[in-house]
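J.: With the input below, show me the fold.
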Amino acid sequence: MKPVHGFADRGKAVGIVAKKLRLEVRVHSQQILARKDPDLIKESTDKINELSRDTISTMSDIVWSIDARNDSLSDFLGRMQDLTHTMLSDRDIRVSFMQKGMDSRKAIRVEVRQNLYYVFKEAIHNIARHSGADSVEIRLENSDSAFLMLISDNGRGFDPDTVRGGNGLKNMQMRAGRIGASLNIRSSEGTSIELRMNGI
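T.: From the prediction side, this is the model:
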């Protein structure tokens, strides 16, 4: 049986996030107990809350990605739409979600499902936290021969070659490569992420 990378990767990710959470709680709890600057206390508690949410989200992703009951395109699309609502709509970012040729009854291989979703999640995460966008367009097109996922926003853009802490972008490229997909990122006035691969 071919190993599924996603489970090991996400298990490692949970360990990393959980370790960061423990360290942050320890440091920031000391600040809170010392009754230092109220602004620092708020910053500390906000960071703890953010890391807690990240840990819960990562664990939820693991459970979803390895559950064979979630192998249809319908489940996949539902997960994507839930994520956009949670991370974008709740921040008053307008979302246009268009799809063509996505047969909701069709099964999707677990490795494809995992890696596509994590590329999508990283893109949405970056839009929500870094782009400053107020409008996002998501387009999914599928046929027997080709699949397209296009995510565009009207945010401030960035230079993919010089952005700091670019592990997220590298992970997106790595995950695209695992399923034989090409991933192109263009950013100037707004950002466009285009993934192409054989039909799913």
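
J.: What ranges does the chain have for its helices?
T.: Listed in chain order, the helices of the chain (DSSP state H) span 5-33, 38-66, 73-87, 110-126, 167-178.

J.: Comparing the ones you listed, which yields the minimum mean pLDDT?
T.: Mean pLDDT is lowest for helix 5-33 among the helices of the chain, at a mean of 61.

J.: So this protein: which segments form each domain?
T.: Per automatic domain parsing, the structural domains of the chain span 1-66, 69-200.

J.: what about stretch 137-146, how long is it end to end?
T.: Taking C-alpha to C-alpha, to the nearest Å, the first and last residues of stretch 137-146 lie 20 Å apart.

J.: Touching it from outside, list them.
T.: Residues outside stretch 137-146 that contact it (C-beta atoms under 8 Å, 6 or more residues apart in numbering): 77, 80, 84, 95-103, 147-153, 196-200. Bear in mind the C-beta positions are built from the backbone N, C-alpha and C, glycine included.

J.: Then stretch 91-98?
T.: The contact list for stretch 91-98, computed with C-beta under 8 Å, 6+ apart, reads 80-81, 84-85, 88-89, 127-128, 133-140.

J.: can I get the CA coordinates of it in PDB?
T.: In PDB, the C-alpha atoms belonging to stretch 91-98 read as follows (Å, rounded to 0.1, in the frame of the first residue of the first chain):
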ATOM      1  CA  ARG A  91     -14.000  38.900   8.600                       C
ATOM      2  CA  ASP A  92     -16.400  40.700   6.200                       C
ATOM      3  CA  ILE A  93     -14.400  39.500   3.200                       C
ATOM      4  CA  ARG A  94     -16.800  39.000   0.200                       C
ATOM      5  CA  VAL A  95     -16.400  35.500  -1.400                       C
ATOM      6  CA  SER A  96     -17.400  34.400  -4.800                       C
ATOM      7  CA  PHE A  97     -17.300  30.500  -5.000                       C
ATOM      8  CA  MET A  98     -17.800  29.200  -8.500                       C
END
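
J.: Please consider this matter closed, and thank you.
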